[in-house]
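> Got a sequence here, can you build the structure:
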Amino acid sequence: MPRKIAVYPGSFDPITYGHIDIIKRGLRIFDNVIIAVARNSVKNALFTIEERLELIREVLADNERAKVDTFDGLLVDYVLAQNASVIIRGLRAVSDFEYEFQIAQMNRSISQEVETLFMMTSVPYSYLSSSIVKEVSSLNGPVEGLVPPMVKRALDAKFNRYNP
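Presented below is the predicted three-dimensional model:
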């Protein structure tokens, strides 16, 4: 039986408990989930690609079915190159849906072989985004419960706060 592989793309700047929730739930459906960090994201990144990859690998170190990678170019080309057939996208609210729907339709027009699976975020993470985490952390607000401890330490280092 062929392995079912899904790709969960994003900027993951930084990875949050909301992302981790989607990854864990995706792993209940698929044999493997590739967490694909987009190199050509138009977002202003706080962490370099290498830092994001390392943080995600550290967070998911105990899960051998979760692979961490990066990609350039069209997502559907990357998905097909990985022998995957599904893109996982998390939705926090109805406001996310319109944009994600447009992207899914464009991907489908490029390749009929690739499906998009929308997963609603779990209720505790419905408001959570990497942007909110960065803003709260930059103002020295509490991010425990939003990100794993190693991500909090990385945020503290980025904002020149060192907690022994």
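> CA atoms for contacts and neighbours, from now on please.
OK.
> What's the biggest helix in the chain, counting residues?
What stands out as the longest helix in the chain, according to DSSP state H, is helix 94-110.
> Just the CA trace of the following helix or strand past it, in CSV.
Scanning forward in sequence from helix 94-110 by DSSP states H and E, the next helix or strand is strand 115-120. Extracted as CSV, the C-alpha positions of strand 115-120 are listed here (Å, rounded to 0.1, in the frame of the first residue of the first chain):
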residue,chain,number,x,y,z
GLU,A,115,-5.8,18.3,-3.1
THR,A,116,-6.1,20.8,-0.3
LEU,A,117,-7.3,19.7,3.1
PHE,A,118,-8.6,22.5,5.4
MET,A,119,-8.3,21.8,9.1
MET,A,120,-10.1,24.0,11.6
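> Need the contact partners of strand 115-120.
Strand 115-120 is touched from outside by 22, 85, 86, 87, 88, 89, 90, 91, 92, 93, 104, 108, with contacts defined as C-alpha atoms under 8 Å, 6 or more residues apart in numbering.
> Which ones among the residues you listed map onto helices?
Of these, the ones assigned to helices by DSSP H are 22, 104, 108.
> Between all of the contacts of strand 115-120, which two are separated the most?
Pairwise distances across the contacts of strand 115-120 (C-alpha to C-alpha) peak at 24.9 Å, for the pair 85 and 93.
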